[in-house]
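Visitor: Sequence plus the predicted model coming up.
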Amino acid sequence: MTGTATPQHDIDLTIRLSEAPGAPEYTFRLEAADGEPSATSTLPAPAAALEAVRRHGEAIFFPKPGPPQLCTQQYGGPQTAVVTGWYLGRQVNSRFSRTDGCEIARWRAMAALLGGSAGSTGAV
């Protein structure tokens, strides 16, 4: 969807996941309406992904400005993900990585959306 198109679902997200630079990219969809994932969702656990999005989506997709975060300098792996689409009428374009403690925390909060379980690497 582009521009001002009205989404068909309350949540309509495309997730592009790469395990490492140069590795194949996996693409998943999460579509939901009326609090239920659609049968067209392609994530391994769409209900868990929907729960993660409902719980953390507002804060992660649309962070409020504030003071700079202090993040631990740790490396969680080369995985990256890009999430695009619509969340409750708002356009989403978010990038996820595991390059420091703050990014790892974002990844873990949305792990079910990114193809893994909380605390995982996101491996598919």
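Guide: Done, it's in.
Visitor: pLDDT at the residue in the chain sticking out farthest from the centre, what is it?
Guide: Largest separation from the mean C-alpha position in the chain: Pro67, at 23.4 Å (C-alpha atoms, centre = their mean). Looking at Pro67, its pLDDT is 90.
Visitor: tell me which element it is part of?
Guide: Under the criterion of DSSP states H and E, Pro67 resides outside all helices and strands.
Visitor: Quick check: phi and psi at it.
Guide: Dihedral pair for Pro67: phi -60, psi 160, per degrees, to the nearest 10.
Visitor: what do you get for Ile11?
Guide: phi -130, psi 120.
Visitor: same thing with the one 10 residues further on?
Guide: With angles defined as degrees, to the nearest 10, Pro21 shows backbone torsions of phi -60, psi 130.
Visitor: Please verify my assumption that it contacts Pro78.
Guide: Yes - between Pro21 and Pro78 there is a contact at 6.2 Å, judged by C-beta atoms under 8 Å. C-beta: built from backbone N, CA, C; applies to glycine.
Visitor: Who has more neighbours out of those two?
Guide: For the pair Pro21 and Pro78, the greater number of neighbours falls to Pro78 (15 against 7), based on other C-beta atoms under 10 Å.
Visitor: Contacts only, for that one.
Guide: By C-beta atoms under 8 Å, 6 or more residues apart in numbering, the contact set of Pro78 is Glu19, Ala20, Pro21, Arg98.
Visitor: Find the pair from those residues with maximum spatial separation.
Guide: Pro21 and Arg98 (12.9 Å; C-beta to C-beta).
Visitor: how many other residues sit next to the spatially closest residue to Ile15 that is not a sequence neighbour?
Guide: The shortest distance from Ile15 to any non-neighbouring residue, by C-beta to C-beta, 6 or more residues apart in numbering, is to Phe28 (4.4 Å). For Phe28, the neighbour count with other C-beta under 10 Å is 21.
Visitor: where does Phe28 land in three-state SS?
Guide: Three-state call for Phe28 (DSSP: H, G, I helix; E, B strand; the rest coil): strand.
Visitor: Looks like Thr40 contacts Glu31 (just checking).
Guide: Yes - assessed by C-beta under 8 Å, Thr40 is found in contact with Glu31 at 5.3 Å.
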